[in-house]
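Engineer: I'd like to go over a predicted model; first the sequence, then the structure.
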Amino acid sequence: MSSERYHQHFTISWDQLHRDVRQLCHQLIERDFKGIVAITRGGLIPAALIARELNIRLIDTVCIKSYDHMDQGGLDIMKGVDHDGDGWLLVDDLVDTGKTARAVREMLPKAHFVTMYAKPEGRPLVDQYLTEVAQQCWIQFPWDMGIAYVEPLADQLKK
Ligand SMILES: O=P(O)(O)OC[C@H]1O[C@H](OP(=O)(O)OP(=O)(O)O)[C@H](O)[C@@H]1O
Ligand code: HPA
Ligand SMILES: [Mg+2]
């Protein structure tokens, strides 16, 4: 599936992401998790921040790739885990079509699955998420961006 389905961008700064993670953690703090399973690579960043808030030191990974930038390809599962997820917190940055989530759910059916952001097609596959984002929106994460010079408006208009 190609990038043509995305008509808008939803840009998230490091600050926003950090605030969002802390807000999600308020909803998780009462639970007692054995550890976190992060879905690489996008799940690694929220997983590290969640681990700090919930004081979790045991972190494992499911290594999986589905997209090449905005283009969705076949699922490439490079590493799984040797348990069914019982008592574990499963973390990804977002759920979009739900293809990745469906595959990981099969591997860890008993895990508590959370994402920071969820689009409608993938939303039913997670147990909890913080913010819903429209299906046609591409979520632009801070680790995919950089700070760039912007020309003053007056100079732009001279051209
Ligand atoms: O719901 P889906 O349509 O499956 O899309 C969601 C998945 O896509 C992205 O991962 P990606 O495959 O781009 O790899 P990355 O985490 O290494 O960036 C994102 O981090 C989710 O894991
Ligand atoms: O909206 C998105 N943003 C970043 N990565 C993604 N992978 C699937 N959908 C997205
Ligand atoms: Mg991912």
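Structural biologist: Nice, thanks for sending it over. Ligands and ions are numbered 1, 2, ... in the order given.
Engineer: where does this protein dip in pLDDT?
Structural biologist: 1-2 (pLDDT under 70).
Engineer: which parts of it sit against ligand 1?
Structural biologist: Counting by C-beta under 6 Å from any ligand atom, the chain comes close to ligand 1 at 39-42, 65-67, 92-101, 122. To be clear about C-beta, it is placed using only N, CA and C from the backbone, and glycine gets the same treatment.
Engineer: go ahead and list the helix or strand containing the residue nearest the centre of the chain.
Structural biologist: The centroid of the chain falls nearest to residue 93 when counting by C-alpha atoms, centre = their mean (0.8 Å). Here residue 93, judged by DSSP states H and E, is contained in strand 88-95.
Engineer: how far does whichever helix or strand comes after that strand sit from its chain's centre?
Structural biologist: Remark: after strand 88-95, the chain's next helix or strand is helix 99-107, criterion DSSP H and E. Relative to its parent chain, helix 99-107 has a centroid offset of 14 Å by C-alpha atoms, centre = their mean, to the nearest Å.
Engineer: hmm, helix 99-107 touching ligand 2?
Structural biologist: No - residues of helix 99-107 are not located near ligand 2 by C-beta under 6 Å from any ligand atom, the shortest gap being 7.9 Å.
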